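[1] here's my sequence, what's the structure:
(one chain, ligands or ions: 1)
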Amino acid sequence: MIDNTLKSQDKSSILIIYTGGTIGMREDPADQTLKPFDFSQIMEEVPELRKFACRIDSYTFDPLIDSSDVEPAMWQELAGIIGRRYDDYDGFVVLHGTDTMSFTASALSFMLDGLEKPVVLTGSQLPIGRPRTDGKENLVSAVEIASAKDADGHALVPEVAVYFDARLLRGNRTTKVNAEHFDAFRSPNLPPLAEAGISIRYNMGIIRRPDRWGSPLKVMPELDTRVSILKIHPGITPQVVSNILLGAETRAVIIETYGSGNAISKDWFINLLKVAGDMGKILGRLKEAGVVSGRDSTTESMLAKLFHLMGASRDNAWVKSKLEENLKGEISE
Ligand code: ASP
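    The predicted structure follows:
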């Protein structure tokens, strides 16, 4: 359901999509429990939004989703909403729980092909109805960024991004690092796309912008989720590795190695990799024979990229070649 909450002689129009999570909660004075607030009343909750000379509509997921319950079907729904509303708005702000925000941002970056408008995900550590909430600043700045345009009327940040604690980060570079503090997210291998202080300073050198504007958005909803993550650790046994690498249900395995890409050098491990490779499995991350390197991509981003590429094709050789390409700024060139 779309709620029209503010109309003016609008310069920009923004759709706020509330999916769930802490940001949209307020304490019910009757029993002190947290309840979601009605986003059609968002201007009453966050009067700061009135200052923007833009139209703000809202869309609320029903049911709301705590992000620890997010499934790929939710990404398809979200991508579909943005796709159907794409021509009606200049930008989108997605309110989302923090637990899986990096996964959703990564998935959207691959599923929204040809994106020329901002899709800014944000959330908060404290509910918006609490006095010390970080939710208001996050929301207000996300709206400002989603509506920011250059002198030609093009979006300043036509990317899927995460705004949190005064930093705008490329969505498919983010990872959640902190459940206690306001600065919950990092993009370990890329500086922020923008930083908010007295004003918002955009790092135009790294923001991805189209060479030529005007191409239509293509929503790519197909996802194949047959991916496992194998995290290497001292003491991991051949049986465990074999179950994950050779399992009939996996088409691809992401191997999380020690920081520098080093993994186990023992024969049993190398042999299992070879057997899995011979079975045609897609093995991501290690720079070894038959294994595709994810370079500096985050696990969240590589997972979403595999879902997307495998959804697009049954050809594992094609998926492997695409995995090494920088598709949406997810790896450094
Ligand atoms: N469990 C919540 C979620 O991720 C916490 C939050 O909103 O940050 O949806």
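
[2] could you use CA atoms for every contact and neighbour count after this?
    Will do.

[3] point me to the residue of the stretch 201-333 of the chain nearest the ligand.
    Closest residue of the stretch 201-333 of the chain to the ligand, CA to the nearest ligand atom: residue 300 (14.9 Å).

[4] so what's that residue up against?
    Going by CA atoms under 8 Å, 6 or more residues apart in numbering, residue 300 touches 102-103, 106, 172, 175.

[5] least trustworthy position among those, going by pLDDT?
    Ranked by pLDDT, the contacts of residue 300 bottom out at residue 175, which has 95.

[6] check the burial of that residue by counting its neighbours.
    Residue 175 has 24 neighbours, counted by other CA atoms under 10 Å.

[7] also the one 5 residues further on?
    A count of nearby residues for residue 180, using other CA under 10 Å, gives 9.

[8] pretty sure it sits in a helix.
    No: applying DSSP: H, G, I helix; E, B strand; the rest coil, one finds residue 180 to be coil, outside a helix.

[9] quick revisit: host element of the residue of the stretch 201-333 of the chain closest to the ligand?
    helix 299-312 (DSSP states H and E).

[10] ok now that helix, how far from the chain's centre?
    The chain centroid and the centroid of helix 299-312 are separated by 12 Å under CA atoms, centre = their mean, to the nearest Å.

[11] now residue 82: closest residue in space that isn't a chain neighbour?
    Leaving aside its chain neighbours, residue 82 sits nearest to residue 92 (7.6 Å; criterion: CA to CA, 6 or more residues apart in numbering).

[12] can you give me the strands in the stretch 151-300 of the chain?
    Taking DSSP state E, counting those that start in this stretch, the strands of the stretch 151-300 of the chain run over residues 160-164, 167-170, 175-176, 185-186, 194-196, 200-202, 218-219, 227-231, 252-256, 282-284.

[13] a markdown table for these, including distance to residue 128?
    Shown next, in a markdown table, are the strands of the stretch 151-300 of the chain (distance: least, CA to CA, whole Å):
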| stretch | distance to residue 128 |
| --- | --- |
| strand 160-164 | 14 |
| strand 167-170 | 19 |
| strand 175-176 | 20 |
| strand 185-186 | 18 |
| strand 194-196 | 19 |
| strand 200-202 | 22 |
| strand 218-219 | 31 |
| strand 227-231 | 35 |
| strand 252-256 | 36 |
| strand 282-284 | 39 |
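
[14] I'd like to check what contacts stretch 317-329. Which residues are they?
    Contacting residues not belonging to stretch 317-329 are listed as 109-110, 172, 208, 282, 292-295, 305-306, 309-310, 313, 332-333 [CA under 8 Å, 6+ apart].

[15] stretch 110-118 now?
    By CA under 8 Å, 6+ apart, stretch 110-118 touches 79, 83, 90-92, 145-147, 155-161, 209-210, 213-221, 304-305, 308, 327-328.
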